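Novice: task: produce atomic coordinates for the following.
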Amino acid sequence: MRITPSILSCDPAEFRPAVRAMVAAGVDGIHFDVMDGQFVPPITFGADLVRSLRPEGTLPFDVHLMTHTPELHFDAFHKAGCERIAFHVEATVHSHRLMQELKSRGLEASIALNPGTPAEAIYPVL
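Specialist: Down below sits the predicted model:
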């Protein structure tokens with residue numbers, strides 16, 4: 001089991017101290033919920049925040065892309081220091097290709113489902 005808390009509920013002015021506290025607590029990684037305001041209503045943050053927090057430790061950073069066309073964000077988050085990227089099966093018709101693209105970059109690839117989406121939607125990538 002991995003404990004990878006999300007910074008989504010943190011006060012934006014406290015992201016850096018929150019990450020430091022998580023590192024000190026011995027978590028296994030830091031999770032970033034990225035929302036584009038279209039795939040899901042809120043807009044959160046982008047790769048620049050991840051990049052700015054990368055110096056706070058060597059823990060794995062993972063990003064959950066709740067975005068349309070998630071593949072457009074892979075490069076930026078990879079360069080920002082993320083080791084794991086998850087995207088939604090509902091955001092693309094080519095989930096298997098996106099999984100392969102992430103793996104070819106040396107990233108850990110994950111797929112996410114919206115609550116109303118049947119589990120069968122991810123069968124092609126299992």
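Novice: from now on I want contacts and neighbour counts done on CA atoms only, so please keep to that.
Specialist: Noted.
Novice: distance between the ends of stretch 36-51?
Specialist: 18 Å (CA to CA, to the nearest Å).
Novice: for it, which positions count as buried?
Specialist: Under the neighbour-count criterion of 16 or more other CA atoms under 10 Å, stretch 36-51 has 36, 39, 46-47, 50-51 buried.
Novice: check stretch 77-92 too.
Specialist: For stretch 77-92, using 16+ other CA under 10 Å, the buried residues are 77-78, 80-92.
Novice: could I get the average pLDDT for that stretch?
Specialist: Per-residue pLDDT values over stretch 77-92 give a mean of 97.
Novice: dump the C-alpha coordinates for it into CSV.
Specialist: C-alpha atoms of stretch 77-92 as CSV (Å, rounded to 0.1, in the frame of the first residue of the first chain):
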residue,chain,number,x,y,z
PHE,A,77,4.2,17.2,-16.2
HIS,A,78,6.9,14.8,-17.1
LYS,A,79,9.4,17.6,-17.4
ALA,A,80,8.1,19.1,-14.2
GLY,A,81,9.1,16.0,-12.3
CYS,A,82,6.1,13.7,-12.2
GLU,A,83,6.8,10.0,-12.2
ARG,A,84,3.2,8.8,-12.4
ILE,A,85,0.4,10.1,-14.6
ALA,A,86,-3.3,9.1,-14.5
PHE,A,87,-5.9,10.2,-17.1
HIS,A,88,-9.6,9.4,-17.5
VAL,A,89,-10.8,6.8,-19.9
GLU,A,90,-13.7,9.2,-20.7
ALA,A,91,-11.3,11.8,-22.0
THR,A,92,-10.0,9.8,-25.0
